[in-house]
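Student: Show me the folded form of this:
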Amino acid sequence: MKKITLAIALLTLGAQAQDFPSPYCEMAAGTTVEEITSVSFAETTITNANATSVLIDKLSTTVNVAPNGTYAITVEGNTAGAFDNNIVAFIDWNQNDVLDDANEIYPIGTISNSTGSDGASVTMDITVPADAVLGSTRIRVTKTYTDDESIAEVNPCAIEMNVGGYGVYPGFGQALDFTLNIATLGTNSFETKALSVFPVPTQSVLNIAYTSEINAVKIYNLLGQEVHAENTATAKLQLDVSLLSAGAYIVKLVTARGQHQFRMLKQ
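Tutor: As a prediction, this is how the structure comes out:
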């Protein structure tokens, strides 16, 4: 458990007020910053080296997604030692300027004992609701220290922890905002009937063929951890999986027509 100082932080607004993150909530004062170093969503990666600001403005980065589409979000961050950090994403699907309505909160997982640059990460697949309002909206990712005695609060407006028996106090972590653009794909969609994958199961090489060029391939284990990634530029791919342990994996393909994922069994 980290050393906790139970003190009341003074809020210094007024002269420091800025347009960002309006119309969404600012982060409450008092947080000790431990940075989010990377967020990847729908094949777009955002990096961050700001270790002083509680809330990071990455609104200039826009990620395009479509209703009913499923996209992986992966987060890395500095835990400042052998500690656990709780990662949560908040997405304003109904565009009402509130980040924690029902079905807008995504508990991604826990990062443990990471420098933020050692490859440790958490990954979750997020499906865009069919009734998500089209257009630009806000996504906020929070990273909050947690342990058995100081449980991280799930709050888009503060990095806080509930200290057992004492109440809720400012915690350790950071938040990062970026933009989602929700739009229908129209005819630009992945054609699953045109995809060929063999052999299934496989021992060393997985053959993948599609009608158009495959731009990238990623493989995840069933814990959501990325175990392989490569950029490609071919419609026919021989994917070397010989170094993977036996078991089940999720393979994700990225093409100009969209994304597709399927289950792979490695013998």
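Student: CA only for contacts and neighbour counts going forward, please
Tutor: OK.
Student: Could you list the low-pLDDT ranges of the stretch 151-267 of the chain?
Tutor: For the stretch 151-267 of the chain, the stretches with pLDDT under 70 are 185-189.
Student: Walking through it, point out its strands one by one.
Tutor: With DSSP state E, counting those that start in this stretch as the criterion, the stretch 151-267 of the chain has strands at 160-163, 167-170, 172-182, 196-198, 205-221, 226-240, 247-255, 258-266.
Student: Next, the angle from the longest one to strand 247-255.
Tutor: Computed by axes from the mean of the first three to the mean of the last three C-alpha atoms, to 10 degrees, the angle separating strand 205-221 from strand 247-255 equals 100 degrees.
Student: contact partners of strand 205-221?
Tutor: By C-alpha atoms under 8 Å, 6 or more residues apart in numbering, the surrounding residues in contact with strand 205-221 are 194-199, 226-242, 248-256.
Student: One more pass at 6 Å, please.
Tutor: The set of residues external to strand 205-221 that reach it, using C-alpha atoms under 6 Å, 6 or more residues apart in numbering, is 194-198, 226-241, 249-255.
Student: and those residues, which are buried?
Tutor: Buried members of the contacts of strand 205-221, scored by 16 or more other C-alpha atoms under 10 Å, are 226, 232, 234, 236-237, 241, 249-255.
Student: Which of these sits closest to Val65?
Tutor: Val254 (13.3 Å; C-alpha to C-alpha).
Student: ok, now how distant is that closest one from Met27?
Tutor: Taking C-alpha to C-alpha, to the nearest Å as the measure, Val254 falls 35 Å from Met27.
Student: does Glu95 count as helix, strand or coil?
Tutor: No, residue 95 isn't Glu; it's Gln. For Gln95, the secondary-structure state derived from DSSP: H, G, I helix; E, B strand; the rest coil is coil.
Student: what about it, how many neighbours?
Tutor: Counted with other C-alpha atoms under 10 Å, the neighbours of Gln95 add up to 15.
Student: Pro23 versus that one, what's the distance?
Tutor: Counting by C-alpha to C-alpha - Gln95 and Pro23 are separated by 11 Å.
Student: now swap in Gln225 and tell me
Tutor: Spatial separation of Gln225 from Pro23 under the definition C-alpha to C-alpha is 34 Å.
Student: Report the distance from stretch 147-167 to the chain centre.
Tutor: The offset between the C-alpha centroid of stretch 147-167 and the centroid of the whole chain comes to 21 Å, using C-alpha atoms, centre = their mean, to the nearest Å.
Student: follow-up on the earlier one: tabulate the strands of the stretch 151-267 of the chain in JSON lines, adding columns for distance to Thr137.
Tutor: Compiled in JSON lines, the strands of the stretch 151-267 of the chain are given as follows (distance: least, C-alpha to C-alpha, whole Å):
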{"stretch": "strand 160-163", "distance to Thr137": "25"}
{"stretch": "strand 167-170", "distance to Thr137": "27"}
{"stretch": "strand 172-182", "distance to Thr137": "5"}
{"stretch": "strand 196-198", "distance to Thr137": "36"}
{"stretch": "strand 205-221", "distance to Thr137": "27"}
{"stretch": "strand 226-240", "distance to Thr137": "27"}
{"stretch": "strand 247-255", "distance to Thr137": "24"}
{"stretch": "strand 258-266", "distance to Thr137": "21"}
